[in-house]
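**Student:** Here you go, sequence then predicted model.
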Amino acid sequence: MRQLRAMMKKELFEQLKTHRLVVMLLLFTLVGVLSPAFAKMTPWLLDLVSGDMAETGIQIGNLEVTSLSSWTQYYKNMQIILFVFLILYGGILTSEYQHGTLIILLSKGLKRHNILLPKYFALLLIWTFGCLISFGITFAYTVYFWDNSIIQNQAFSLLAFYLLGVWMISVLVGASVFCRSVSAVLLVCAACFGISYFAGFFPAVSDYVPTLLLGQMDLLTGTTDCSHFLPAIVITVLLTVFNVAAAVLCFRKTSI
């Protein structure tokens, strides 16, 4: 446990030293600010272009912006942030392979799982803190500008998207055990996400794939009940646990 805590501090300090932590927290903050801001500015932007569009025969009607517009923009932006997160941290283990620092750590008697698990927990901590920051800022601005009482299942919607990110981080760490390059790690992540996404088109498994958790709009509008997402949440949690456990077991036997 002492080694685990020490390595957690090392990982977080490393992220701070390389400015990745600062960059990600800034991006999460920007998403929180810009999502309601963009929704608020949409009618004004449409007014700017309405004259030019009218000349081409395209009429733009009045657009009613509500709190749902803000949350729609928020979750669209968070999907982009998730992919940026994976790209930014795709080399969290491969860089150690390339620089030979893992051999130094192991030669000092550090257990292998105390190398891998702190990396996963550090990313999990950053993802958790970032989601809370962005959600809190968006919530505050949305409540200030609009009637947010029309939005349903806000906490559950965030939980669903958060768990999707947790699963993707476990895929990232698991892929990093086998892959020696960032591009290979990201390719595995893209493949897992793609398989889950396209499997969602098949009714037999559509209610169980992790990417079902991208259905925030159905939750926020109350179109779909929270219970509909529970099987996908259970599967996502089980896959996450499996990925992390398999990564730890395989890392013990991986030649470095």
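**Tutor:** Here it is on my side, so go on.

**Student:** what kind of secondary structure is the closest residue to residue 207 other than its chain neighbours in?
**Tutor:** Nearest residue to residue 207, sequence neighbours excluded (C-beta to C-beta, 6 or more residues apart in numbering): residue 231, at 5.3 Å. For glycine as for every other residue, the C-beta is placed from the backbone atoms N, C-alpha and C. Recorded secondary structure, residue 231: helix (DSSP: H, G, I helix; E, B strand; the rest coil).

**Student:** Could you check how many residues crowd around residue 231?
**Tutor:** By other C-beta atoms under 10 Å, 13 other residues sit near residue 231.

**Student:** ditto for residue 170
**Tutor:** Neighbour number of residue 170 under other C-beta under 10 Å is 24.

**Student:** The residue nearest to residue 207 is in contact with residue 206, isn't it?
**Tutor:** No. Counting by C-beta atoms under 8 Å, residue 206 is not a contact partner of residue 231; they are 10.2 Å apart.

**Student:** by contact count, what packs against whichever strand or helix holds residue 161?
**Tutor:** Assigned by DSSP states H and E, residue 161 falls within helix 154-178. Packing partners of helix 154-178 (3 or more C-beta pairs under 8 Å, 6 or more residues apart in numbering; DSSP states H and E): helix 67-88, helix 113-145, helix 182-199, helix 216-220, helix 230-253.

**Student:** Mean pLDDT and distance to residue 151 added to the ones you listed, as TSV?
**Tutor:** Converted to TSV, the helices and strands packed on helix 154-178 look like this (pLDDT from 0 to 100; distance: least, C-beta to C-beta, whole Å):
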stretch	mean pLDDT	distance to residue 151
helix 67-88	94	5
helix 113-145	93	8
helix 182-199	95	26
helix 216-220	92	5
helix 230-253	94	20
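
**Student:** Which among these is found nearest to residue 26?
**Tutor:** Among the helices and strands packed on helix 154-178, helix 113-145 comes nearest to residue 26, with 9.9 Å by C-beta to C-beta.

**Student:** Just want the angle from that closest one to helix 230-253.
**Tutor:** 150 degrees (axes from the mean of the first three to the mean of the last three C-alpha atoms, to 10 degrees).

**Student:** Helix 113-145 versus helix 67-88: what angle between them?
**Tutor:** Using the same axes, to 10 degrees: helix 113-145 against helix 67-88 is 160 degrees.

**Student:** Quick check: buried residues in helix 113-145?
**Tutor:** By 16 or more other C-beta atoms under 10 Å, the buried positions in helix 113-145 come out as 114-124, 126-127, 130-131, 134-135, 137-139, 141-142, 145.

**Student:** pretty sure residue 222 contacts residue 156?
**Tutor:** No. Taking C-beta under 8 Å as the definition, residue 222 is not a contact partner of residue 156, at 11.2 Å.

**Student:** All set now, cheers.
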